[in-house]
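1. no sequence on this one, just coordinates:
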Ligand code: F6R
């Protein structure tokens, strides 16, 4: 939700900001803008509706010379995407410019008070309220920008990551964070500022993740200074980045999404590395080993997550209940936070989030912590808020996921949940050693199996042509394949804008069966598991009503293959590992259907990769 970039140094300010915005465009792309402070201390703001490329075109004939600058790519919260609502926003007298990621909840109250004091507003955003408030305080109290920012933030309720520059001061950026991410890159005589580290990874590998309630003073030629909202000096923890520039590029693929789908054999290898040892007979997950008591004593596990991560969570329930015999509840984080949840001290709450920044998931974590539960995080982005807010956890290690539709993060999450279930089972002795070894052995081979599944690419591309103009899709699965059906449907709708519903296959007869006709493709995920016979009946029920079936089956399947109109065959796996294998063809199917429809798969409309607002 919105990306922020800032730069102070002797490099080309505009180029660094624009390149950084492109890297953060996954966070929102309905408008973009830059504020540039030149050597005379003049601030120029250039901003426009649309993507960063529109901003570049807009700036083509502008004077973009600068000594310091801040920039923003927006995902609208307050006010429609438009030139005037785009960031940066000026204060009324044009003395300061600000970019902001987050939402100011009490903005209406503050705005009304500022209007009473004669302020005029030029946008519908909550951000402009903050700009005007800072300036109002600065003038009224005759104080420094830093003091005015601190005072304003003490009056604000909500989430923010902000960067502020001031007229007549081309040597300073003031930045602050509360519940929205902000990281400062420390280079040689230069500073970078961004919502994540990707905009500056080629310039420096040293950075500082700002914490909630901290304000950074970034001044040319001076060491970084961080204070808190109550003006106490804060410690500066320098982190070394382990990210490479090649991870942020398309590497010859036309889209990040396709690259990320094809990366899965490697990302799964990275995810498993060092965690499945002794030929697959033993699982080592430090987050579990370091907290044995918590997992031994847990009476219940609650999983909280959103979107694709929630689908991974549903699979987590099947895995943990199957392998560890612990009851598991899976909640949408957004509902959990307002459902007056009953949480016990011996509950383990697992929060799953690719970005590690999802506001609803962070709020659910807070509630679980307040109730005294042990909170464990599963994230991808190293150093993001969720790993820092949880007591323990593990990374999925799949590298930066840039395509807005989650693919490699989903399979990484499912893999980590499988390892988590196995290691808890090891600890609680709920699975035989032989069974653990059987699954562990297959896990070691999963990357090769996924490589094999990816060979279906050409067939799926051809098949996608048949389905491109369908208006509705039904995705069906049972047991472990039910969350895969939900995830397949979500992938299709978010990038192709075709309506798709995922259902447990047996539920179909309780309503959705009424929809079935030749016009509506039904995708059935039907590996040979303990529910295979049952799903055969479901397939027959769809066929009997003239449905058009695409089935994902195991190699060698003869029954469903004879009923379905189209089949995609995937390798045979132990049941608990099938979701990783069966979800990959569905990712490719969605990708090609969206491409056939001419959609922007990496930046689908209305979406953003990191949902840092409620
Ligand atoms: C779908 C997708 C979203 C995210 C959801 C949660 O492809 O990407 O549904 O899964 O917004 O995001 P994280 O995992 O970052 O908490």
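-> Perfect, thanks for sending it. Everything quoted here is computed from the prediction, not taken from an experiment.
2. Would you pull up the residue in this protein closest to the ligand?
-> The chain approaches the ligand most closely through residue 307 (1.9 Å), counting by CB to the nearest ligand atom. Where C-beta positions appear, they are placed from N, C-alpha and C, glycine not excepted.
3. from what I can see that residue touches residue 406, true?
-> Yes: at 7.3 Å, residue 307 and residue 406 qualify as touching, with contact defined as CB atoms under 8 Å.
4. Which one's more surrounded, the two?
-> residue 406 (28 against 23; other CB atoms under 10 Å).
5. Contacts only, for that one.
-> The neighbourhood of residue 406, defined by CB atoms under 8 Å, 6 or more residues apart in numbering, consists of 307-309, 354.
6. For these, please prepare TSV with the additional fields distance to residue 89.
-> Below are these laid out as TSV (distance: CB to CB, whole Å):
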residue	distance to residue 89
307	30
308	33
309	32
354	30
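7. Most neighbours of all the residues you listed, which one?
-> Of the contacts of residue 406, with other CB under 10 Å as the count, residue 354 tops at 29 neighbours.
8. centroid residue for the chain?
-> residue 355 (3.6 Å; CA atoms, centre = their mean).
9. Look at the residue of the chain lying at maximal distance from its centre and report its pLDDT.
-> Distance from the C-alpha centroid of the chain, by CA atoms, centre = their mean, peaks at residue 142 (41.5 Å). pLDDT recorded at residue 142 is 95.
10. And it, its phi and psi?
-> The phi/psi pair for residue 142 (degrees, to the nearest 10) reads phi 50, psi 50.
11. ok, it to residue 45 distance?
-> Distance of residue 142 to residue 45, computed by CB to CB, to the nearest Å: 25 Å.
12. cool, and residue 441?
-> From residue 441 across to residue 45, the span is 59 Å (CB to CB).
13. Would you mind listing what in this structure touches the ligand?
-> Residues of the chain lying close to the ligand (CB under 6 Å from any ligand atom) are 306-309, 353-355, 358, 361, 405-406, 490, 494, 611.
14. what about 5 Å?
-> Contact residues, the chain versus the ligand (CB under 5 Å from any ligand atom): 306-309, 353-355, 358, 405-406, 611.
15. Can you flag which of those residues belong to strands?
-> residue 353 (DSSP state E).
16. Just give me the least confident of the residues of the chain next to the ligand.
-> residue 611 (78).
17. so where do the helices sit in the stretch 251-400 of the chain?
-> Under the criterion DSSP state H, counting those that start in this stretch, the stretch 251-400 of the chain contains helices at 256-262, 264-272, 286-289, 292-297, 307-324, 333-336, 359-370, 385-389.
18. which regions of the stretch 101-250 of the chain lie under the pLDDT threshold?
-> For the stretch 101-250 of the chain, no stretch has pLDDT under 70.
19. if you set the cut-off to 80 instead, what comes out?
-> Residue ranges of the stretch 101-250 of the chain with pLDDT under 80: 243-247.
20. where exactly do the helices run in it?
-> 107-116, 126-141, 145-155.
21. can you tell which of those is closest to residue 507?
-> Of all these, it is helix 126-141 that lies closest to residue 507, at 41.7 Å by CB to CB.
22. what does that closest one rub up against?
-> Outside helix 126-141, the residues that touch it by CB under 8 Å, 6+ apart are 77-78, 87, 89-93, 95-100, 103-104, 107, 110-111, 114, 117, 119, 121-122, 143-145, 147-149, 151-152, 155-156, 158, 160, 162, 164.
23. which among the residues you listed end up buried?
-> 77-78, 87, 89-92, 95-100, 103-104, 107, 110-111, 114, 119, 121, 145, 147-149, 151-152, 156, 158, 160, 162, 164 (16 or more other CB atoms under 10 Å).
24. so residue 260 makes contact with residue 404?
-> No: with contact defined as CB under 8 Å, residue 260 does not count as touching residue 404 (10.6 Å).
25. still on that earlier bit, tell me which of the contacts of residue 406 is nearest to residue 239?
-> Here the nearest of the contacts of residue 406 to residue 239, counting by CB to CB, is residue 354; it sits at 19.5 Å.
26. can you count the residues close to the closest residue to that closest one other than its chain neighbours?
-> Excluding its sequence neighbours, the residue lying closest to residue 354 (CB to CB, 6 or more residues apart in numbering) is residue 409, at 3.9 Å. Applying other CB under 10 Å, we find 28 residues neighbouring residue 409.
27. Assign residue 409 to helix, strand or coil.
-> Using DSSP: H, G, I helix; E, B strand; the rest coil, the structure places residue 409 in helix.
28. All further residue positions should be reported with the first residue as 37.
-> Right, with 37 as the first residue, what we last looked at is residue 445.
29. Would you state the strands of the stretch 187-336 of the chain in chain order?
-> Ranges of strands within the stretch 187-336 of the chain are 194-202, 205-214, 219-222, 227-230, 242-245, 250-255, 261-264, 275-276, 312-313, 318-319, 336-341, based on DSSP state E, counting those that start in this stretch.
30. partners of the fourth one in the sheet?
-> Based on DSSP bridges, the pairing partners of strand 227-230 within the sheet are strand 39-44 (antiparallel), strand 219-222 (antiparallel).
31. which other residues reach the following helix or strand past the longest one?
-> In other words, strand 39-44. Going down the chain from strand 39-44, the next helix or strand is helix 49-60, by DSSP states H and E. Here helix 49-60 makes contact (CB under 8 Å, 6+ apart) with 39-43, 68, 70, 72, 88, 91-92, 95, 100-109, 228, 230-232, 234-236, 239, 284.
32. What subset of the residues you listed is buried?
-> Judged by 16+ other CB under 10 Å, buried ones among the contacts of helix 49-60: 39-43, 68, 70, 72, 88, 91-92, 95, 100, 102-109, 228, 230-232, 234-236, 239, 284.
33. circling back to that earlier point, tabulate the strands paired with strand 227-230 (JSON lines), appending distance to residue 268.
-> Shown next, in JSON lines, are these (distance: least, CB to CB, whole Å):
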{"stretch": "strand 39-44", "distance to residue 268": "24"}
{"stretch": "strand 219-222", "distance to residue 268": "18"}
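34. list the contacts for the residue of the chain closest to the ligand?
-> Counting by CB under 8 Å, 6+ apart, residue 343 makes contact with 442, 526.
35. swap in residue 248?
-> Residues in contact with residue 248 (CB under 8 Å, 6+ apart) are 213-215.
36. Mind putting these into JSON lines with neighbour count?
-> Converted to JSON lines, those look like this (neighbours: other CB atoms under 10 Å):
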{"residue": "213", "neighbour count": "26"}
{"residue": "214", "neighbour count": "20"}
{"residue": "215", "neighbour count": "21"}
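37. surely residue 236 meets residue 223?
-> Yes: Residue 236 is within contact range of residue 223, at 7.3 Å (criterion: CB under 8 Å).
38. and the residue nearest to residue 241 when sequence neighbours are not counted, how many neighbours?
-> Excluding its sequence neighbours, the residue lying closest to residue 241 (CB to CB, 6+ apart) is residue 277, at 4.3 Å. Around residue 277 there are 17 other residues, counting by other CB under 10 Å.
39. do residue 620 as well
-> Residue 620, neighbours per other CB under 10 Å, totals 30.
40. Can you classify it as helix, strand or coil?
-> Taking three-state DSSP, the label given to residue 620 is helix.
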